[in-house]
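Pasting a predicted model and its sequence here:
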Amino acid sequence: AEELDELREKGAKALILDLRNNGGGYVTAAESVCSHFLGKGQLIVSVVNSRTSRNESYTSNGSDLQPLPMVVLINRFSASASEITAGCLQDHHVATLMGETSYGKASVQKLLELEDGGAVKFTVAHYLTPEGRDIHHKGISPDIELEDSDVAPGEDDPMLRAATRQLEKRLVKL
């Protein structure tokens, strides 16, 4: 939130959210990020267990900030919470997704520890995007396909350049 405020104060006209190589994390992280870009109460993700018919929804805490044009970069290593974030922003038409189809890890897993020290890990639910897409084993498809290239930090990044060009085109239209 502080970084977004600072960017706006400095006159930012657009944003690039880079979720490439982001293995994700907890659904609450995606909820927190998405809440900066959505109005209060908008659906971020549904957690659905088809065996028990249990459905839990996560909604935005809301932002009263004027949205900025945004590109979200994803690749084949974007997974879990980063896929929830990308799918949510795509479904709500808040961002254009660019890059490669994401990993496709949209499952909620439970770990059952056994008395002998072993454990059993099993899937108990799936994450669905606001439009109801189950992205497990399918991933999130970008709006604009680009091949990701492995570049070291500070090196010329073709995907980042493409995202910048996309936003420049959009700003000209505004």
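Happy to help now that I have it. Numbers count the residues shown, from 1 in each chain.

what about the helices in this structure?
Counting by DSSP state H, the chain has helices at residues 2-9, 27-35, 81-91, 158-173.

Quick check: end-to-end length of stretch 136-152?
End-to-end distance for stretch 136-152: 29 Å, by Cα to Cα, to the nearest Å.

neighbouring contacts of that stretch?
If you take Cβ atoms under 8 Å, 6 or more residues apart in numbering as the criterion, stretch 136-152 is touched by 20, 74-76, 78, 83, 86-87, 90, 96-107, 126-127, 129, 133, 157-159, 162, 166. Yep, even glycine has a C-beta here, placed from its N, CA and C like the rest.

right, so the helices of the chain: which one is the most enclosed?
Comparing the helices of the chain by mean neighbour count (mean count of other Cβ atoms under 10 Å), helix 81-91 ranks first with a mean of 27.

Throw the helices of the chain into a markdown table and include mean pLDDT and distance to residue 61, thanks.
As requested, the helices of the chain are arranged in a markdown table below (pLDDT from 0 to 100; distance: least, Cβ to Cβ, whole Å):
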| stretch | mean pLDDT | distance to residue 61 |
| --- | --- | --- |
| helix 2-9 | 91 | 14 |
| helix 27-35 | 94 | 4 |
| helix 81-91 | 97 | 13 |
| helix 158-173 | 92 | 26 |
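
Reformat these as JSON lines; add distance to residue 111.
Formatted as JSON lines, those follow (distance: least, Cβ to Cβ, whole Å):
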{"stretch": "helix 2-9", "distance to residue 111": "34"}
{"stretch": "helix 27-35", "distance to residue 111": "16"}
{"stretch": "helix 81-91", "distance to residue 111": "18"}
{"stretch": "helix 158-173", "distance to residue 111": "35"}
